[in-house]
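K.L.:
Give me coordinates for this.
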Amino acid sequence: MIVEVPDEAASYEERMMRRNEIPFLLSFRRMKVNGKVQLWYDITGMESLQDRMRRQGVCAKGLMEVIECLNGACEEMRRYLLWQEHIYLSPDTIFFGYDGKIRLCYCPAGSGDPFGQMREVMEFVLTLVEEDQEETAELCYRLYDIVLQEHYSFSQMMECVRDFCKETPTEDEEEEMEKGEERESDILESFGKEYMEIPLMEERQEPSGKREGLMEVVKRAGEEIASLRKVAAQIIAGEHLDFDGEEGDGDAPGSRRDEFTYDRGRNGRKERAGD
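P.N.:
Residues are numbered from 1 along each chain as shown. As a prediction, this is how the structure comes out:
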C-alpha cells in the first residue's frame, strides 16, 4: 500500500516508526518516485477489513478483535509519543495479518479524525449484517450509537463489546451447553430403561406354598411377642404367675407357658413343673 506525503524532512514520528517495530501498526519505508515522496506500507500476506468481512461476514468476534486492536494501538502510541490523530481508519486500511493480528495504517504526515473515520467504518459494517444476525446487529448498533457521540473513546467501545459478550454466550459455550444437555438426556434415558426393567412387587411370582408358609411363621411370631409382652407387664405389676395346669385368659391351650411355673420367691428362676 502506497501513500503520498509532502516532500519534507522526516519527522520525529517517522524516525520513531522506522527504528521500532510498534505493535498494531504497519511498518513502512520512505521512497521518492518521480520527485514525489511516498510511504510504502508492507501488507504482504494481509487482508483488509473490507475483503475479510465481505468474504466471511460480520460476527461479534471479528468486531471485538478490531476494537481491541484500536484500544491497544492507542496505548502503544502513548508509549512512543505518537499522535492518535495520525491513524488512518477505513475498511481498506485496517488489515488482518497471517498471524491473526490486526494492524493499522499510521501516517506521520497526515492529520485526520480517527473517531470520525470510525463512524464510516461502522456504517460499512452495518451494510454487511444479515437480517437473521439479530445478536450481531444489536452489537453493531450499540457501537454505532457510541461513535455518533461527539466525544467518545475506543476504550468505551471496548467496554461495550465486553459487556455484550458477557450477556451473549459464544459459539464454544453454546456447543458445550448442547453437549451437556445431550449427556443429561442420555443419562435420563438410561436410568428410565433400567428402572422399567426392575420387576414390581405385584409382578414377582413366588410359589404359593412357600408364601403361605412364610405368612404362618410371621403370624406365630406375632402371637408369641404379644404373649411375652403380657407376661412382662404382669411381672412388673408384682403379680404371682402360676401356669401350672391353668389356662389364663388369652392363652392358647397347650402353649409352652403351660409347662412352666414362675415363683418370685425362688430367686426369679423358671423351673419345669414337677422338678
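
K.L.:
now Lys36: how far from Pro108?
P.N.:
Per Cβ to Cβ, to the nearest Å, Lys36 is found 16 Å from Pro108. C-beta here means a position set from N, CA and C on the backbone, and glycine is covered the same way.

K.L.:
The two - which one has more neighbours?
P.N.:
Taking neighbours as other Cβ atoms under 10 Å, Lys36 and Pro108 compare with Pro108 leading, 21 against 11.

K.L.:
Angles on the backbone of the more buried one, please.
P.N.:
With angles defined as degrees, to the nearest 10, Pro108 sits at phi -60, psi -30.

K.L.:
who's in contact with it?
P.N.:
Shown in contact with Pro108 (Cβ atoms under 8 Å, 6 or more residues apart in numbering): Val5, Ser11, Glu13, Glu14, Met17, His86.

K.L.:
Separate out the buried members of those.
P.N.:
Val5, Glu13, Glu14, Met17, His86 (16 or more other Cβ atoms under 10 Å).

K.L.:
Sort out for me which of these are in strands.
P.N.:
Val5 (DSSP state E).

K.L.:
what's the farthest-apart pair in the buried ones among the contacts of Pro108?
P.N.:
Val5 and Met17 (12.6 Å; Cβ to Cβ).

K.L.:
Could you tell me which residues within stretch 141-154 count as buried?
P.N.:
Leu143, Ile146, Val147, Phe154.

K.L.:
Please identify the buried residues of stretch 97-113?
P.N.:
Ile102, Arg103, Leu104, Cys105, Tyr106, Cys107, Pro108, Ala109, Gly110.

K.L.:
Just give me the least confident of those.
P.N.:
Per-residue confidence across the buried residues of stretch 97-113 is lowest for Gly110, with 69 (pLDDT).

K.L.:
Just the CA trace of stretch 151-159, in CSV.
P.N.:
C-alpha atoms of stretch 151-159 as CSV (Å, rounded to 0.1, in the frame of the first residue of the first chain):
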residue,chain,number,x,y,z
HIS,A,151,-16.8,12.7,22.3
TYR,A,152,-16.0,9.1,22.9
SER,A,153,-13.1,6.8,23.3
PHE,A,154,-12.0,3.4,21.9
SER,A,155,-11.9,2.1,25.5
GLN,A,156,-15.6,2.9,25.7
MET,A,157,-16.3,0.8,22.7
MET,A,158,-14.2,-2.0,24.2
GLU,A,159,-16.2,-1.9,27.3
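
K.L.:
Run through who's touching that stretch.
P.N.:
Stretch 151-159 has contacts (Cβ under 8 Å, 6+ apart) with Ile67, Glu68, Leu70, Asn71, Cys74, Phe115, Leu143, Ile146, Val147.

K.L.:
again with stretch 90-100
P.N.:
In contact with stretch 90-100 (Cβ under 8 Å, 6+ apart) are residues 1, 26, 43, 45-50, 52-53, 66, 69, 102-105, 117, 120-121, 124.

K.L.:
make it 7 Å
P.N.:
26, 43, 45-50, 52, 66, 102-105, 117, 120-121, 124 (Cβ atoms under 7 Å, 6 or more residues apart in numbering).

K.L.:
Do me a favour and get the end-to-end distance for that stretch?
P.N.:
Counting by Cα to Cα, to the nearest Å, you get 19 Å between the two ends of stretch 90-100.

K.L.:
for stretch 70-86, same thing?
P.N.:
End-to-end distance for stretch 70-86: 13 Å, by Cα to Cα.

K.L.:
Would you mind listing the buried residues in that stretch?
P.N.:
Neighbour counts over stretch 70-86 (16+ other Cβ under 10 Å) mark Leu70, Asn71, Gly72, Ala73, Cys74, Met77, Leu82, His86 as buried.
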